[in-house]
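> sequence-free structure coming up:
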C-alpha cells in the first residue's frame, strides 16, 4: 500500500485517514479528563498503557506526569504498585485497581470488590470519570498499537 496517509511504520495514520473518528476520540479524551485529580488521571493512563504495551502513550503520559509534578518514585514503581502500597494514596490505589480491571477483562467483568473499593473513595461523578479515563486510554492504546504509532525521537 502506497499512500500519503501512512505513518512511519507503514500503517495508516488514523488522524489523516479518518479525521472524523480522530476528532471524536479527541473530544472523548477531553470529556474523560475532567473531574479527577490530574495525577490520578496520568497514573491511570500510564498503567493501562503499560499493560497494553503502548509505547507511544507511555512516552506521552510519562512526560505529562513529570510536567505536572508526579513523584518520580511513583512513576518508577507503577508497574509494581501493589507491592509498595504505602507510596500511593487510597484513591490512587483504588483508581489503579479499577483501571487494571477495565484494561484486562479476562474474567469477563470488573469484579464487584474492585468496583466497590473505588466507589468507597470517589464520588459518583469522580467514579464516572475514572471509568471514562480508563476506557478512553484503552481505546487510544488499541489505536496506537494497531497502527504502531511511534514515540517521537528525542
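Yep, it's here. This structure is a prediction, so every number in the text was calculated from the model and none was measured. Numbers count the residues shown, from 1 in each chain.
> Could I get the pLDDT score of the nearest residue to residue 13 once chain neighbours are set aside?
Leaving aside its sequence neighbours, residue 13 sits nearest to residue 7 (Cβ to Cβ, 6 or more residues apart in numbering; 4.5 Å). Every C-beta, even on glycine, is put in place using the N, C-alpha and C of the backbone. Looking at residue 7, its pLDDT is 76.
> Identify the residues contacting residue 7.
Going by Cβ atoms under 8 Å, 6 or more residues apart in numbering, residue 7 touches 13, 147, 148, 149, 150.
> again, but for residue 133
Shown in contact with residue 133 (Cβ under 8 Å, 6+ apart): 32, 33, 36, 41, 44, 45, 99.
> from the residues you listed, which two are the most distant?
33 and 99 (14.1 Å; Cβ to Cβ).
> Pick out whichever of those two has more residues nearby.
Set side by side, residue 33 and residue 99 show more neighbours around residue 99, with 27 against 16, by other Cβ atoms under 10 Å.
> where does this structure dip in pLDDT?
Residue ranges of the chain with pLDDT under 70: 1-4, 6, 9.
> Identify the residue spatially nearest to residue 114, adjacent ones excluded.
Once flanking residues are discounted, residue 114 sits nearest to residue 101: 4.7 Å by Cβ to Cβ, 6+ apart.
> Equivalent analysis for residue 146, please.
Nearest non-adjacent residue to residue 146, counting by Cβ to Cβ, 6+ apart: residue 11, 7.6 Å away.
> contacting residues for that neighbour?
Residue 11 neighbours (Cβ under 8 Å, 6+ apart): 146, 147, 148.
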